[in-house]
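K.L.:
Kindly generate the corresponding structure for this input.
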Amino acid sequence: MQSNPPVPEEKPRPVVLGMHFDAVTVQQALDRFFELATMPRGPRGCRIAATVNVDFIVNTYRATKSTPRNPPLARVLRRAELVIADGMPLVWLSRLIGTPLPERVTGADMVPLIAERAARDHVKLYFLGGKEEYTRSAADILTKRYPGLEIVGIDTPFVKLDDPDAVQKDLEICRKINESGADILLIGFGNPKQEIWAERNRANLKCGIAVGIGGTFNFIAGAVKRAPDWMRHTGTEWIFRIIQEPGRLWKRYGFGLLVFNTMALFAFLNRPRKGGANVTASPDKPGELTTTGRGRFSPEALQTILDTYASADAPIEIKGLSGRQRRQLRAHRMIDLIATEETT
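P.N.:
Predicted structure coming up:
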């Protein structure tokens, strides 16, 4: 592995539906991913990357209520060091609310690119999860395709988040990963299990970065076909998936789009205003902000609120909130970040 590069300059991360997103192209996402993978280990331990699509949003939030459907998943995605939009609906919404993301960056497309860069830069990968035959097949395909690629471990355990023995089992999984010397951990448990597992074990992992990749091992192994390029680029890949598995997926995609579109409408009606109200941090009390202005928050204000929450890792206090600003935070799924706010 190469020596650690300098710590990169932090760039603003637009907020879409209560999550920071990295405004990156595919190549920029890959560069940022390897920067995080090879940086010195941070205070939280292993860093987490997430490729968020509509399914993530629906698993995290509810259509009309402002509190998260899955608080542990919301916490992971709000604290993740790299979050990319793996879905055109998210890209379209970001543009509608004035915080545009440049393009869709899919996890399935990223994994082969990660393997190619890892082979070139002598960075070690570890494959966790998926069906064993498909995970091993994916590893064989990638090592043949990219000579020099080091996949230093493959493990396909059955993981149950509420297992009474989960802590001990997790420690054993982490021990294997750490002993392998892996720099990058690819987790194929599926959402939300893979993200929650990574978050609760990040302090025990010595690798630089972990990313949930869903069913990507199946795609690489050829067990599941991907949509043609034109469908991926136009945001219609979900139609191809439904045609492949109509009995399993039509309800999931139909319900998901209904919930997402409802949230998107509220977010658009309460979109941030350029040059709008802002927030300032208290010099004496960490985790406390004060509003400046009474109208809608600016994009920068939403970023500061989410940054403050992520740093404190606890609900924060915001003084001087107007009714309109409260409605805006509810619409953007951020009202639960405030310690004193009543949510419904």
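
K.L.:
Strands along the stretch 201-344 of the chain, start to end?
P.N.:
Applying DSSP state E, counting those that start in this stretch to the stretch 201-344 of the chain gives strands spanning 209-212, 278-281, 288-292, 317-319.

K.L.:
Throw those into a markdown table and include mean neighbour count, thanks.
P.N.:
Using the backbone N, CA and C atoms, a C-beta is placed for each residue, glycine as well. A markdown table is the format used below for those (neighbours: other CB atoms under 10 Å):
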| stretch | mean neighbour count |
| --- | --- |
| strand 209-212 | 28 |
| strand 278-281 | 17 |
| strand 288-292 | 17 |
| strand 317-319 | 17 |
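
K.L.:
any chance of those in CSV, plus mean pLDDT and distance to Gly87?
P.N.:
CSV is the format used below for these (pLDDT from 0 to 100; distance: least, CB to CB, whole Å):
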stretch, mean pLDDT, distance to Gly87
strand 209-212, 98, 14
strand 278-281, 94, 29
strand 288-292, 94, 31
strand 317-319, 94, 30
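
K.L.:
Quickly find the element holding Tyr126.
P.N.:
Assigned by DSSP states H and E, Tyr126 falls within strand 124-129.

K.L.:
ugh, wrong one, I meant Arg104
P.N.:
Arg104 belongs to no helix or strand, assigned by DSSP H and E.

K.L.:
if we can go back for a sec, need the strands of the stretch 201-344 of the chain in TSV (columns: distance to Asp86).
P.N.:
Formatted as TSV, those follow (distance: least, CB to CB, whole Å):
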stretch	distance to Asp86
strand 209-212	10
strand 278-281	30
strand 288-292	31
strand 317-319	31
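
K.L.:
Out of the ones you listed, flag the one nearest Thr99.
P.N.:
strand 278-281 (15.2 Å; CB to CB).

K.L.:
Tell me which strands that closest one pairs with, and in which orientation.
P.N.:
strand 288-292 (antiparallel) (DSSP bridges).

K.L.:
Mind giving me the packing neighbours of the next helix or strand along the chain from the strand holding Tyr126?
P.N.:
Using DSSP H and E, the helix or strand that directly follows strand 124-129 along the chain is helix 132-145. In terms of contacts (3 or more CB pairs under 8 Å, 6 or more residues apart in numbering; DSSP states H and E), helix 132-145 is packed against helix 107-121, strand 124-129, strand 150-155, helix 216-221.

K.L.:
Now the last one: buried residues?
P.N.:
Buried positions in helix 216-221, judged by neighbour count with 16 or more other CB atoms under 10 Å: Thr216, Phe217, Asn218, Phe219, Ile220, Ala221.

K.L.:
low-scoring pLDDT stretches of the protein, where are they?
P.N.:
1-10, 226-227, 230, 232-253, 340-344 (pLDDT under 70).

K.L.:
any idea where the helices of it begin and end?
P.N.:
26-38, 54-60, 71-79, 88-96, 107-121, 132-145, 166-180, 193-201, 216-221, 229-233, 237-244, 246-269, 299-312, 323-331 (DSSP state H).

K.L.:
which strands and helices sit next to the fourth one?
P.N.:
The one in question is helix 88-96. Helix 88-96 packs on strand 15-16, helix 54-60, helix 246-269, going by 3+ CB pairs under 8 Å, 6+ apart.

K.L.:
With distance to Leu289 and mean neighbour count as extra columns, can I get the ones you listed in CSV?
P.N.:
Formatted as CSV, the helices and strands packed on helix 88-96 follow (distance: least, CB to CB, whole Å; neighbours: other CB atoms under 10 Å):
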stretch, distance to Leu289, mean neighbour count
strand 15-16, 15, 26
helix 54-60, 23, 23
helix 246-269, 21, 15
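
K.L.:
Including distance to Asn191, could these go into a markdown table?
P.N.:
Output for the helices and strands packed on helix 88-96, formatted as a markdown table (distance: least, CB to CB, whole Å):
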| stretch | distance to Asn191 |
| --- | --- |
| strand 15-16 | 17 |
| helix 54-60 | 6 |
| helix 246-269 | 12 |
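
K.L.:
Of all these, which one comes closest to Leu96?
P.N.:
Short answer: helix 246-269, nearest of the helices and strands packed on helix 88-96 by CB to CB, at 5.2 Å.

K.L.:
So for stretch 206-217, first residue to last residue, what's the gap.
P.N.:
23 Å (CA to CA, to the nearest Å).

K.L.:
Now do it: distance to the chain's middle.
P.N.:
11 Å (CA atoms, centre = their mean, to the nearest Å).

K.L.:
cool, stretch 60-77 as well?
P.N.:
13 Å.

K.L.:
First residue to last residue on that stretch, what's the distance there?
P.N.:
Stretch 60-77: ends 9 Å apart by CA to CA.

K.L.:
how about that stretch: buried residues?
P.N.:
Neighbour-count burial for stretch 60-77, counted by 16+ other CB under 10 Å, picks out Thr60, Tyr61, Ser66, Pro68, Arg69, Asn70, Leu73, Ala74, Arg75, Val76, Leu77.
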